[in-house]
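1. predicted model, plus sequence, below.
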Amino acid sequence: MKNKLIIIYSLLAVLLCSCEDFLDRQPLTDYSPTSLFTSEIDALAALNGCYRGWESGSWIFYMDCGSDNALSPYIWEGYQMFGNMLLLTPTNLGNHKWNFSTIQKCNWFLASIDKAPIDDNLLKRMKGEARFLRAYKYFIMSQLYGDVPLITTNITTEEANSITRNSKADVVKFILDELVAITNDLPDSYSGNDVGRITKGAAWALKARVELFNQKYEDCVASCNNIIGKYTLFPNYTDLFRIQNENNSEIILDIEYLENDVALTSLGVMTPHIANNGWYSVDPTQSLVDAYEMSNGKTIDDPSSGYDPEDPYKDRDPRLLETIVVPGSFYEGSYFSPLENWPGNADYYATNNYTGFCVKKYTPFLSDFTDMWNVGLNIPIIRYAEVLLTYAEAKIELDQIDNSVYEAIDKVRDRAGLPAVDQSVYNTQTKMRELIRRERRVELAMEGLRFFDIQRWRIGNEVLSGPVYGSRLGTVDLVTGKLSFTSGQILNETRVFNETKNYLWPVPQAQIDINKNLTQNPGY
């Protein structure tokens, strides 16, 4: 699929124009579809146009800054306000997601594709892909904004500027109905240049995610059962995210990138400055670091765990150091030293309010890339590990805690290098909720899902209010990497979370100014 995506640029230049209306962009109403849908190649080109911009790797990385997992130190990047929601207003939206471009492209494609002289099975598959992309965008928007306009056909600018919001319940029903409708039209897998397109597994996996997030637990279990056993966990957590292993056995859905043509240009936002001029823009928090268990499966607050606060990264869940560069880590040829202001230390925490931690997931070895600002690394959206944890959580919420629940969680933990769940400790719904929520947090860290978990668990007041801490202060020996703590801890900011409004984002005021029929979310 990567090679086929190259034609997106020229296609979109023809199909789309900028419009001063509520939908942001829509296909030219006077463009003749007959000149595009005259062959299979042209129809595939139009479908590839729907894939263009359907999701962003940058947004996936930065979205964890809208949670207790990470901090965005630079307000001008447009993500800091998602963590400290005191800053989020209808006119200060950052990199918001109120955007109907993909939806309108899919609507236009679906209205035109029947004209193409192509095989009926291919026609059904292509429609299924477009319907999935549209459903995915509605999932994201309904999670972030609640009620959103549900537009399933081409509409004029005048119609767009007078449309109203549909209830979230109606939008969710539409999403789930669409995903059910397309499953039989999508293949289990692809080969060659088509690898990366939407599969049957992606439809079931997204359906399971939507059902979990909307408390439809029995349906969620059924959806997961359509996936479990058809994918396998990649054996190594670090290598799972490396470019040489993309499209591996665990990947159900990802964003496809191609160096030089459809490149991911933001990978360096997570790396330290000292590592090839990284930006240090997505800073893990001490809260996330503390969430990782010890290698014996006990939490660090368990007196019998063996945790040593003076040597806090020793004998921890291996995913900690596979996900995060901590002070004293040997990374890209030197020891990471963010805690001291020695000459030339661009990673010094106080320079730009850094936490003293950096993201290592996706960039464990910068030698994987010629230029980390121009890479072809695919970014996972749904992995098999998430499906296993989704299944387990849905069963826990139904209070059906059987062997299949432990088996699903244990598969993820075993791949990580942790012992199986201690069933003498985790044997009630309350304790299993505690376990599954921690497991989701550490397994899926920096994959853009933490805010949605906070939202549906209604724990915003607990985890998104109050001080945000980074590393304890200390020194790093630049020769040996030995970390020695002194006194004090980095305090980055004090966040404010208002549970009466901040589980949703504000509708852009600019759109309400254009379309007076749009309403604002409560509290904004």
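-> Cool, the structure landed.
2. low pLDDT regions in the stretch 1-150 of the chain?
-> 1-35 (pLDDT under 70).
3. and the residue nearest to residue 166 when sequence neighbours are not counted, what element?
-> Counting by CB to CB, 6 or more residues apart in numbering, residue 150 is the residue found nearest to residue 166 once chain neighbours are left out, at 4.0 Å. Where C-beta positions appear, they are placed from N, C-alpha and C, glycine not excepted. Assigned by DSSP states H and E, residue 150 belongs to neither a helix nor a strand.
4. gap between residue 150 and residue 170?
-> 6 Å (CB to CB, to the nearest Å).
5. let's verify the residue nearest the centre of the chain: helix, strand, or coil?
-> For the chain, the residue sitting closest to the mean C-alpha position, by CA atoms, centre = their mean, is residue 448 at 2.8 Å. Secondary structure, DSSP: H, G, I helix; E, B strand; the rest coil: residue 448 is coil.
6. ok, now which ones touch it?
-> For residue 448, the contact set (CB atoms under 8 Å, 6 or more residues apart in numbering) comprises 59, 60, 61, 63, 64.
7. check contacts around the nearest residue to residue 213 once chain neighbours are set aside.
-> Spatial nearest neighbour of residue 213, chain neighbours left out: residue 456 (5.3 Å); criterion: CB to CB, 6+ apart. Applying CB under 8 Å, 6+ apart to residue 456 gives the contacts 212, 213, 215.
8. try residue 234
-> 240, 245, 248, 249, 250, 415.
9. if you count what's nearby, which of residue 150 and residue 170 comes out ahead?
-> More crowded of residue 150 and residue 170, by other CB atoms under 10 Å: residue 150, with 19 against 14.
10. now the strands for this protein?
-> For the chain, applying DSSP state E gives strands covering 16-18, 25-27, 70-71, 251-255, 283-284, 324-325, 330-331, 334-335, 358-359, 379-383, 466-476, 483-495.
11. for these, which one sits closest to residue 261?
-> Residue 261 sits nearest to strand 251-255 of all the strands of the chain, at 14.2 Å, using CB to CB.
12. helices and strands around that closest one, which ones?
-> helix 200-213, strand 379-383, helix 384-397 (3 or more CB pairs under 8 Å, 6 or more residues apart in numbering; DSSP states H and E).
13. residues in contact with it?
-> Against strand 251-255 from outside (CB under 8 Å, 6+ apart): 54-57, 60, 196, 198-199, 201-202, 205-206, 227, 231, 246-247, 378-384, 387.
14. kindly recompute the last result at 7 Å.
-> 55, 57, 196, 201-202, 205, 231, 378-384 (CB atoms under 7 Å, 6 or more residues apart in numbering).
15. mind pulling up the pLDDT for residue 250?
-> Residue 250 carries a pLDDT value of 98.
16. list the contacts for it?
-> 231, 232, 233, 234, 240, 383, 384, 385.
17. and stretch 452-468, how far out from the chain's middle?
-> Chain-centre distance of stretch 452-468: 17 Å, with CA atoms, centre = their mean, to the nearest Å.
18. likewise for stretch 428-444?
-> 19 Å.
19. now stretch 233-252
-> In terms of CA atoms, centre = their mean, the centre of stretch 233-252 is set 16 Å apart from its chain centre.
20. buried ones in it?
-> Using 16 or more other CB atoms under 10 Å as the test for burial, stretch 233-252 gives 233-234, 237-238, 240-243, 245-246, 248, 250-252.
21. the nearest residue to residue 473 once chain neighbours are set aside and residue 350: what is the separation?
-> Spatially, and ignoring its direct neighbours in sequence, residue 473 is nearest to residue 488 (4.5 Å; CB to CB, 6+ apart). From residue 488 across to residue 350, the span is 12 Å (CB to CB).
22. and for residue 420?
-> 43 Å.
23. in the chain, which helix is the longest?
-> Secondary structure assigned by DSSP state H gives helix 120-145 as the longest helix of the chain.
24. show me what that helix is packed up against.
-> helix 40-51, helix 101-112, helix 168-182, helix 200-213 (3 or more CB pairs under 7 Å, 6 or more residues apart in numbering; DSSP states H and E).
25. let me see the mean pLDDT of the last one.
-> Averaged across helix 200-213, the pLDDT comes to 98.
26. helices or strands up against that helix?
-> For helix 200-213, the packing partners by 3+ CB pairs under 7 Å, 6+ apart are helix 120-145, helix 168-182, helix 217-225, strand 251-255, strand 379-383, helix 384-397.
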